[in-house]
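Q: Fold the following and give me the result.
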Amino acid sequence: AALAREAAVQKELEAAEAEKRQQRALEEQQRLAEEAKELSMKEGKLAEEAQQQKLEEERLLAEAAAKRDEQERLAEEAKAEELRLAAAQATQADNLEDDL
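A: Below is the predicted model of the structure:
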């Protein structure tokens, strides 16, 4: 009878240990699931930040291209004005020679 009682107590102890292991495994699984969720959220946030940076970079490139185009346009206008002035001076010089 004592052996049977000892065996029953041993089985209860083993069952309690198995339950504790199962509980620890469940807690670890929950912890890992929470970590995975946090990492997924961080990944989403980083992807969003990367998209925002890309959009900002594209905006800055477009702005730089527009400024470059404006500079080229102004340079062409200045050159045209320079040619117009040179032509006007040449005409004025011709008129002066004709007057003399």
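Q: Helices along this structure, start to end?
A: 2-99 (DSSP state H).
Q: low-scoring stretches of it, by residue?
A: Scanning the chain for pLDDT under 70 picks out no residues.
Q: Need the residue closest to the centroid of it.
A: A50 (1.1 Å; C-alpha atoms, centre = their mean).
Q: How much space separates that residue from T91?
A: 61 Å (C-beta to C-beta, to the nearest Å). Just so you know, the C-beta spots here come from the backbone N, C-alpha and C atoms, and that holds for glycine as well.
Q: Pull the number of nearby residues for K54.
A: 10 (other C-beta atoms under 10 Å).
Q: residues contacting it?
A: With contacts taken as C-beta atoms under 8 Å, 6 or more residues apart in numbering, K54 has no neighbouring residues.
Q: That one and G44, how far apart?
A: 16 Å.
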